[in-house]
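In: Build me a structure from this.
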Amino acid sequence: MSATHGTAVTPPATFRRRRLMVLVALLGLMVALGAALGTVGAQAELDDPVAGHAVIEPGATLWEVARSSTPDGVDPREHLRAIQELNGIDGAEVEPWTVVLLPAR
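Out: Got it, this is the predicted structure:
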């Protein structure tokens, strides 16, 4: 006990342990919050429906894939643009064996 105030003085080692415990608790909270936000973000990305996928075989074109996978009542050119947008493809050429996602429209 301190002679002037009548309270116990916390030893430096105890203070360091407490500070470390608070730091660990804060880091754990940040990790949990990051995981929760990542799950919400991943769910938001999945809200855009994907009908399936196609593999671009050697000699095949993206146009052929779009034409063969176009839903009824949809213009194949619009479907091609949707495939390009969904997969981040700028041009018409795609490397063989590329897997492309097909939009559900």
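
In: CA only for contacts and neighbour counts going forward, please
Out: OK.

In: how about low-confidence regions in this structure?
Out: For the chain, applying pLDDT under 70 flags the ranges 1-6, 39-48, 105.

In: just checking, what packs against the longest helix belonging to the chain?
Out: Criterion DSSP state H: the longest helix present in the chain is helix 12-46. For helix 12-46, there is no helix or strand it packs on, judged by 3 or more Cα pairs under 8 Å, 6 or more residues apart in numbering; DSSP states H and E.

In: how about the helix or strand just after it: buried residues?
Out: Remark: after helix 12-46, the chain's next helix or strand is strand 50-56, criterion DSSP states H and E. Neighbour counts over strand 50-56 (16 or more other Cα atoms under 10 Å) mark Ile56 as buried.

In: Indicate each strand paired with strand 50-56 and its parallel or antiparallel sense.
Out: strand 98-103 (antiparallel) (DSSP bridges).
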